[in-house]
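K.L.:
Provided below are the primary sequence and the corresponding predicted coordinates.
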Amino acid sequence: MWKPDRLGPVPMYRQIADYFERRIVLGELPPGSILPPERKLAGQWQLNRSTIIQAYEELRSRGLIDRRKGSGTRVSLRKWEESPKPAVDWQVYTEQSSPPGSPLLRKVREEARKGAEVVDMAGSELSEDLIPMEAFRQLMREQPLTEPLGYTDPQGLYPLREALAVYLRAYRQVDATASSIFVTSGIQQALYLIARCLLRPGDAVGIEVPSYHYSSHVLPSAGLRTVALPADEAGIRPEELAGLIRKDKLRMLILNPAFQNPTGRTLCPDRRKRLLEVAADLGVPIVEDDPYGLAAFRDEPPVPLKAMDTRGVVLYVGSLSKIAAPGLRTGWLVGPEAVIRQLSAARQQMDMGPSVLPEWLSARFLASDFFHRHLLRVRRALKLKSELLMKELNAHLQGEMTFERPDGGLYLWGKLAGGVSAARLLDEGIKRGVLFVPGSVFGPDSGHVRLTFARPSKKDIAVGAARFAEAFRAASKR
C-alpha cells in the first residue's frame, strides 16, 4: 500500500497529488471515478485533513478533478474529453535530478513558507524590526532616482561600486576600487559564478565542516568535489593544510573565517596569517565568505583575510543581506581584473546584468548617515538577543545542552545530550511550532543544532526556547 513519505524531500500534499495524478494518467482512476473522502484518507495515512485538502486543491488546479458539494470529489470528465493524457510528463524531467540541498533543510523552509504561527529560529536573517525600512523610505523620498532603467553594466552600477569601495576601506580595512568590485545578487550568486567560471568539474575544493557550504548545492551542482579542511574549535589548522592541499590536489579553499555559519567561531589572527602564507606558497586561492564580519558584539570586528593579503590570493565576497536587508539582494566580490571580467561576462549571459533599483538604493544607504547608526543598533540588538537565548536555554535545558558562546554573528551552535535523531527532533519541533536547523545539515555531526537568535523577536526567543526544550524531551523519550 502506497503512503506519503514523511521524511522525503517533496511536501506530503504534493506527494499525494502526484500519486493520484499517476493513477489517473495510467487509467487506474478513469474519468468520473470518485476519490476517497478527505477524512478517510487523513485517517488512513495519519495526516491532518488540511494536507489532504491541499492535495486535492493541487489536483483541481491541474484540471484533473472536480469538487462539488454533496457529490464528492471526482476525476474530471472535461479534461479527458480534450486529451486522453498529458502531452508532456513533467514528472520524468523533474525526477532526473534530485532537488538541491538537504532534505531536512528543505523541510524547514517548507514549514517556514506556510506562514503558520511558528517561532522561526532557523531563518538566516534579521527580524523585521531590525530592517531599516524608515531609512529606505526617507532615502527614496529625498533622493529621486536619476539612473536610467535600461540594461546596466554587468559588473554592477558604478555609483554602488564607488560606495562599496569607500565602505570596504572604512569598515573592513579592505582596499578596493570600483574597477576591482563585482556586484552580485548576494553571496550565493558570487559562489555560483566562481564554481562555474573559475573551476572545472572534478576539481577539489576545501571547505570547513561543519559549514553552510556543506549544505549548499552550489559546489556539487558544478561537479566539484568537496574536501573537509583540518579544523578544531579555533578554526582551520594551517599546520596541516599544506599536506592536505598536496594530497587531494585542492584547487581552491572556501572559508567563512568571521562568526562562521553555523558554529559562530572566528579564526584567530595568528592562524589567519599562517593560512595566507600556506595558500600563497602553494598557489591556491582562498574565497573569503564574509557576510557576518560586521555583526560583532565587541567594538572591533575581526580583520578580514583580504585586509591581510599582500600576495593576492583572496577573493573577498560580502553582502548586505545579514546586516541590513536580504531583499536588497546586494552582494559583492573583490578580486583581480581578470576574474572580474570573466564573471561579468558570465553574469551577462545569465540575466543581462543586475537590477538598477536595489543597487541604487544600496548605494544611497551605504553613503548615508543612516548606515552607521543602523549598524550600531543591529550589533547591540544581536548581542542582547544572543544573551537572552543562552539564558532561556540554560533555564530549560541545564545539563542537557551545551553551546559555544558567540562573539558575533546570527547563530548559536549547541550540542545536545543523548544522541537524539535529527529528523525526529525536527518533527517534534514542527509539531510544537518552533523551527531550527539540525546540525547534520552542515556536515557529519552527532547531536548538534543551530538556533538563530537574529530572526525571532525577544518575546519569541523565550517562547521558542521553551518549545525547543519540549521537542527535545519528546524526541528523547522514543
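P.N.:
Yes, it's here. Note that this is a predicted model, so its numbers are computed, not measured.
K.L.:
which ones are touching Gln155?
P.N.:
Neighbour list for Gln155: 161, 181-183, 340, 344, 347 [criterion: Cβ atoms under 8 Å, 6 or more residues apart in numbering]. Every C-beta, even on glycine, is put in place using the N, C-alpha and C of the backbone.
K.L.:
quick check, nearest of these to Ala17?
P.N.:
For the contacts of Gln155, the closest approach to Ala17 (Cβ to Cβ) belongs to Arg347, at 36.8 Å.
K.L.:
Need the pLDDT of that closest one.
P.N.:
On pLDDT, Arg347 comes in at 87.
K.L.:
Would you map out the domains in the chain?
P.N.:
With domains defined by automatic domain parsing, the chain comprises 12-94, 103-124+373-477, 133-367.
K.L.:
end-to-end on the last one?
P.N.:
Counting by Cα to Cα, to the nearest Å, the length from the leading to the trailing residue of domain 133-367 is 16 Å.
K.L.:
What of the second one?
P.N.:
Terminal residues of domain 103-124+373-477 are spaced 24 Å apart (Cα to Cα).
K.L.:
chain center to it: distance?
P.N.:
Distance of domain 103-124+373-477 from the chain centroid (Cα atoms, centre = their mean, to the nearest Å) equals 15 Å.
K.L.:
Give me the below-cutoff pLDDT ranges for this structure.
P.N.:
The chain contains residues with pLDDT under 70 at 79-101, 114-116, 445-446, 478.
K.L.:
center of it - which residue?
P.N.:
For the chain, the residue nearest the mean C-alpha position is Ser124 (6.6 Å; Cα atoms, centre = their mean).
K.L.:
helix, strand or coil for that residue?
P.N.:
Ser124 falls in the coil class when you classify it by DSSP: H, G, I helix; E, B strand; the rest coil.
K.L.:
For it, give me phi and psi.
P.N.:
Main-chain dihedrals, Ser124, degrees, to the nearest 10: phi -100, psi 60.
K.L.:
what about it, distance to Leu426?
P.N.:
17 Å (Cβ to Cβ, to the nearest Å).
K.L.:
Can you identify each of the strands in the stretch 51-200 of the chain by residue range?
P.N.:
65-68, 72-75, 119-120, 181-184 (DSSP state E, counting those that start in this stretch).
K.L.:
Output the contacting helices and strands for the first one.
P.N.:
Going back to what we said before, that points to strand 65-68. For strand 65-68, the packing partners by 3 or more Cβ pairs under 8 Å, 6 or more residues apart in numbering; DSSP states H and E come out as helix 49-61, strand 72-75.
K.L.:
what about the residue lying closest to Arg200 once chain neighbours are set aside, neighbour count?
P.N.:
With sequence-adjacent residues excluded and distances taken as Cβ to Cβ, 6 or more residues apart in numbering, Arg200 is closest to Gly223, at 7.8 Å. Neighbour count for Gly223, taken as other Cβ atoms under 10 Å: 13.
K.L.:
Kindly list the longest helix within this protein.
P.N.:
Longest helix of the chain, by residue count under DSSP state H: helix 369-397.
K.L.:
Next, the buried residues of that helix.
P.N.:
By neighbour count on 16 or more other Cβ atoms under 10 Å, the buried set for helix 369-397 is 370-371, 374-375, 378-379, 381-383, 385-386, 388-390, 392-393, 396-397.
K.L.:
that older thread, the residue nearest to Arg200 and Gly206, how far apart?
P.N.:
16 Å.
K.L.:
Next, count neighbours for Thr179.
P.N.:
Just to correct that, residue 179 is Ser rather than Thr. Count around Ser179 with other Cβ under 10 Å applied: 12.
K.L.:
ok now the longest helix of the chain, how far from the chain's centre?
P.N.:
Worked out by Cα atoms, centre = their mean, helix 369-397 lies 21 Å from the chain centre.
K.L.:
Pairing partners for the very next helix or strand once past that helix, with directions?
P.N.:
The first helix or strand that comes after helix 369-397 along the chain, using DSSP states H and E, is strand 401-403. Paired strands of strand 401-403, with direction, are strand 411-416 (antiparallel) (DSSP bridges).
K.L.:
Let's see the strand it pairs with as PDB, backbone CA atoms only.
P.N.:
Output in PDB follows, covering the C-alpha atoms of strand 411-416 (Å, rounded to 0.1, in the frame of the first residue of the first chain):
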ATOM      1  CA  TYR A 411      23.700  31.900  15.400                       C
ATOM      2  CA  LEU A 412      24.000  29.700  18.500                       C
ATOM      3  CA  TRP A 413      25.600  26.300  17.900                       C
ATOM      4  CA  GLY A 414      24.600  23.800  20.600                       C
ATOM      5  CA  LYS A 415      25.300  20.200  21.400                       C
ATOM      6  CA  LEU A 416      22.500  18.000  22.700                       C
END
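K.L.:
now what about the next helix or strand after that strand, what contacts it?
P.N.:
The first helix or strand that comes after strand 411-416 along the chain, using DSSP H and E, is helix 422-432. Helix 422-432 has contacts (Cβ under 8 Å, 6+ apart) with 6-7, 104, 107-108, 111, 118, 416, 435-436, 438-441, 449, 467-468, 470-472, 474-475, 478.
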